[in-house]
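[1] How does the following fold in three dimensions:
(2 chains)
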Number of protein chains: 2
Amino acid sequence: MLLKRVGVLGGLGPLATVYFMDMVVKLTDAKRDQEHIPMLVMNDSTIPDRTAFILGKSAESPLPRMLENARMLENAGVDFLVIPCNTAHFFYDAVAEAVKIPVINIMEEAVTAASGAVSGVKAIGVLATDGTVQSGVYERFAKSAGLRLLVPEKEEQEAVMHIIYDEVKAGRPADWKKLVRTAESLRQRGADAVILGCTELSVVSRDQELTQIYPWMVDSLEALAEKCIVTAGGRLRTAGRQ
Amino acid sequence: MLLKRVGVLGGLGPLATVYFMDMVVKLTDAKRDQEHIPMLVMNDSTIPDRTAFILGKSAESPLPRMLENARMLENAGVDFLVIPCNTAHFFYDAVAEAVKIPVINIMEEAVTAASGAVSGVKAIGVLATDGTVQSGVYERFAKSAGLRLLVPEKEEQEAVMHIIYDEVKAGRPADWKKLVRTAESLRQRGADAVILGCTELSVVSRDQELTQIYPWMVDSLEALAEKCIVTAGGRLRTAGRQ
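    Below you'll find the model as predicted:
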């Protein structure tokens, strides 16, 4: 079995990158080390904050360092790239243009997964950073898939940002019940499936096994991990998952 | 805070590398992404099996690929290297000679941690692969620290190998109670502290929080993670740990 090498443009944030790698290893159907996907991972935690730049709160762009890392990974010989961070996909086009190898898009994979999460999906909700929500990229992918997109109301969005920045990124316990309530509120407003569109929320989901409990909840990081395994030529482990 | 970049020669096995990264992130006292240790990780799962080669069961040496990866990480600009795999430290000297940057030794760190795990440590035990045990490297480091080293009896050693290869590396649930019994058997024979000298055993320990329950149990991977954070210039998180 000849496996492709994946390059991981990581560190955005560092824990989400670790969880992504963990998912790739655990979702790969492998009986020994050598059947796992080879990964070269730049877990560059020191890249400037993405949301702060997108919202104009900081003049320091994360893009130059992202491009530098993408080219470094390409030069090191990886076959394709992934970026385990939704917010950083604001810069997806620039990264994809800077390298010759393919770059998998986490939002595209998440929307595809959400459209098949439960039967008859017509509208999807997304929980993400202000940067991701305001960039409108999820809306674009939802439209392409013929789906309506719902985002949280102002107060709920603030609660989501609090979980991401003041809890997960700060290494504190996350209020996962509030996360579930916010997701359920989107469902009440008409969303058939809800995407966890921020990898810090994926961390919470994985720790609490939320996507196992709520089949209508779709983890963008898990969707990216599955696509990564298949693209590399690995076998997807299906037992024990929904 | 200017942080050094660590290069991780990983994939030996792939899950242990992920757990190592997880430890580095979670043991770093950081309030935001940018205070975490930047890591470049080659999670090269396809490197030939180490124990099989060391014991002469396979002619395919993992060394050429390890050297190739070490040089690649060095050329990419990392400041020092770690190898989150005890067995691979059979090749430590060759790797250290092949690069100009320092390479932290997991066994040295584990022995140092074990000597201070409980008071008055005179003898330590080690649970590791046949390759690690027979290479005698742990014995060398124990001697340098003025400590006696104990290893499991034949049957117990076979049980340890079963946990490592047929359970953890195969993605199956590990018999952690057997692991604890084997460690306790070394204690009964006179070991004051017992090192989990194989990163697959670190995976079991972390899942079951064994080093939290048994203060005399020392996880080599955790010792390496702590040394890595300090070497990179990061702050060690001490709250919530023993």
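
[2] Sticking with the closest residue to A:Val218 other than its chain neighbours, tell me its helix or strand.
    If you skip the residues right next to it in sequence, A:Val218 has A:Ala114 as its closest partner in space, 4.4 Å away by Cβ to Cβ, 6 or more residues apart in numbering or on different chains. Backbone N, C-alpha and C define where each C-beta goes, glycine included. With the criterion set as DSSP states H and E, the secondary-structure element containing A:Ala114 is helix A:106-115.

[3] Just the mean pLDDT for that helix, thanks.
    The predicted model assigns helix A:106-115 a mean pLDDT of 97.

[4] what's the distance between the strand or helix carrying A:Leu40 and the middle of its chain?
    Using DSSP H and E, A:Leu40 sits within strand A:39-43. Mean-position distance between strand A:39-43 and its chain equals 16 Å (Cα atoms, centre = their mean, to the nearest Å).

[5] Which neighbouring elements make contact with the helix holding A:Ala114?
    Contact analysis of helix A:106-115 by 3 or more Cβ pairs under 8 Å, 6 or more residues apart in numbering or on different chains; DSSP states H and E lists strand A:123-127, helix A:137-144, strand A:193-196, strand A:217-219, helix A:220-232 as its packing neighbours.

[6] swap the cut-off to 7 Å and go again
    Using 3 or more Cβ pairs under 7 Å, 6 or more residues apart in numbering or on different chains; DSSP states H and E as the contact criterion, the secondary-structure elements in contact with helix A:106-115 are helix A:137-144, strand A:193-196, strand A:217-219, helix A:220-232.

[7] Tell me the buried residues in it?
    For helix A:106-115, a neighbour-count test (16 or more other Cβ atoms under 10 Å in any protein chain shown) marks A:106-111, A:113-115 as buried.

[8] about what we covered before: in a markdown table: the helices and strands packed on helix A:106-115, plus mean neighbour count and distance to B:His36.
    Shown next, in a markdown table, are those (neighbours: other Cβ atoms under 10 Å in any protein chain shown; distance: least, Cβ to Cβ, whole Å):
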| stretch | mean neighbour count | distance to B:His36 |
| --- | --- | --- |
| helix A:137-144 | 18 | 26 |
| strand A:193-196 | 28 | 22 |
| strand A:217-219 | 26 | 22 |
| helix A:220-232 | 23 | 18 |
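
[9] What is the distance between the helix or strand just after the strand holding A:Leu40 and the centre of its chain?
    In the C-terminal direction, the helix or strand that comes right after strand A:39-43 (DSSP H and E) is helix A:50-54. Averaging C-alpha coordinates over helix A:50-54 and over its chain gives two centres that are 16 Å apart (Cα atoms, centre = their mean).

[10] same deal with stretch A:187-207?
    11 Å.

[11] Equivalent analysis for stretch A:133-152, please.
    Chain-centre distance of stretch A:133-152: 15 Å, with Cα atoms, centre = their mean.

[12] Same check on stretch A:195-208?
    Shown here is stretch A:195-208, whose average C-alpha point lies 8 Å from the average C-alpha point of the whole chain (Cα atoms, centre = their mean).

[13] what packs against the strand holding A:Leu40?
    Counting contacts by 3+ Cβ pairs under 7 Å, 6+ apart, the secondary-structure elements packed against strand A:39-43 are strand A:6-10, helix A:14-27, helix A:63-75, strand B:39-43.

[14] and of the ones you listed, who's closest to B:Asp33?
    B:Asp33 sits nearest to helix A:14-27 of all the helices and strands packed on strand A:39-43, at 6.2 Å, using Cβ to Cβ.

[15] how far does the closest one sit from the chain's center?
    The gap between the average C-alpha position of helix A:14-27 and the chain average comes to 11 Å, counting by Cα atoms, centre = their mean.

[16] Nice, that's everything, thank you.
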